[in-house]
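Chemist: next come a sequence and a model predicted from it.
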Amino acid sequence: LMVEVSLQYAYSDASWGDRADGKSTTGIAIFLGDALIMSKTVKQSLIAHSSCEAEFAAISHCILELEWVYQLMLDMKIKCTTPITIFCDNTAAQRLAENEGAKARSKYILIRYQNVKTAVTQNFVMLKRCTSNGNFADMFTKCLYNDQYVTQRDMLNVTQTV
């Protein structure tokens, strides 16, 4: 018997270029319904030449994690509905994934992160724009002011323990 649930959405973000080594940081947050089931922070292995490339790499990593969660759910006889919405705050990366903004100089990004284009084309994921303040993955990529941190923490339904 297969149960069907909704991996409703995920958030993807990147902070472009660390001062020490030039590598960007990826942050992702994956939700099952309204519950946060995975959050991750990863230093990107390559140096991104633009914020668009850093964000595209973050989306790529988010898709890899979503594919893993999706397969885990199938192994437990739980079917997840698709497409899964990934919210990102970079319009250029979203357009590139949807092939609206592909230019000769950005072709190498599409080749390097082919899984993004494939996931969008096969309707596994759908990319949607969100504001930087509304991007839950933002807190996993950089230091936030206390009020921003508390607001995002509360939106994630995570509470402070004493």
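Modeler: Great, that's in hand. Residues are numbered from 1 along each chain as shown.

Chemist: strands along this structure, start to end?
Modeler: Applying DSSP state E to the chain gives strands spanning 3-5, 9-15, 25-32, 35-43, 78-80, 84-88, 125-129.

Chemist: and stretch 32-49, C-alpha only, in PDB?
Modeler: The C-alpha atoms that make up stretch 32-49 are tabulated as PDB, following Å, rounded to 0.1, in the frame of the first residue of the first chain:
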ATOM      1  CA  LEU A  32       7.400  18.000   4.300                       C
ATOM      2  CA  GLY A  33       4.100  19.700   4.600                       C
ATOM      3  CA  ASP A  34       4.900  22.600   7.000                       C
ATOM      4  CA  ALA A  35       7.600  20.700   8.900                       C
ATOM      5  CA  LEU A  36      11.200  21.300   8.300                       C
ATOM      6  CA  ILE A  37      12.800  17.900   7.700                       C
ATOM      7  CA  MET A  38      16.200  18.900   6.400                       C
ATOM      8  CA  SER A  39      18.500  21.900   6.600                       C
ATOM      9  CA  LYS A  40      22.000  22.000   5.300                       C
ATOM     10  CA  THR A  41      24.900  24.300   4.900                       C
ATOM     11  CA  VAL A  42      27.700  23.400   2.500                       C
ATOM     12  CA  LYS A  43      30.800  25.200   1.200                       C
ATOM     13  CA  GLN A  44      30.700  25.000  -2.600                       C
ATOM     14  CA  SER A  45      33.600  23.100  -4.100                       C
ATOM     15  CA  LEU A  46      34.200  25.500  -7.100                       C
ATOM     16  CA  ILE A  47      34.600  29.200  -7.100                       C
ATOM     17  CA  ALA A  48      31.500  30.800  -8.700                       C
ATOM     18  CA  HIS A  49      32.200  33.700 -11.200                       C
END
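
Chemist: quick one on the thing from earlier: pick the most deeply packed of the strands of the chain.
Modeler: Looking across these with neighbours counted as mean count of other CB atoms under 10 Å, the highest average goes to strand 9-15: a mean of 27. C-beta coordinates here come from the backbone N, C-alpha and C atoms, glycine included.

Chemist: quick one: neighbours of the nearest residue to residue 52 once chain neighbours are set aside, just the number.
Modeler: Using CB to CB, 6 or more residues apart in numbering and skipping the chain neighbours, the partner closest in space to residue 52 is residue 92 (4.1 Å). When neighbours are defined as other CB atoms under 10 Å, residue 92 has 16 of them.

Chemist: per-residue pLDDT, residue 143?
Modeler: We note a pLDDT of 69 for residue 143 in this prediction.
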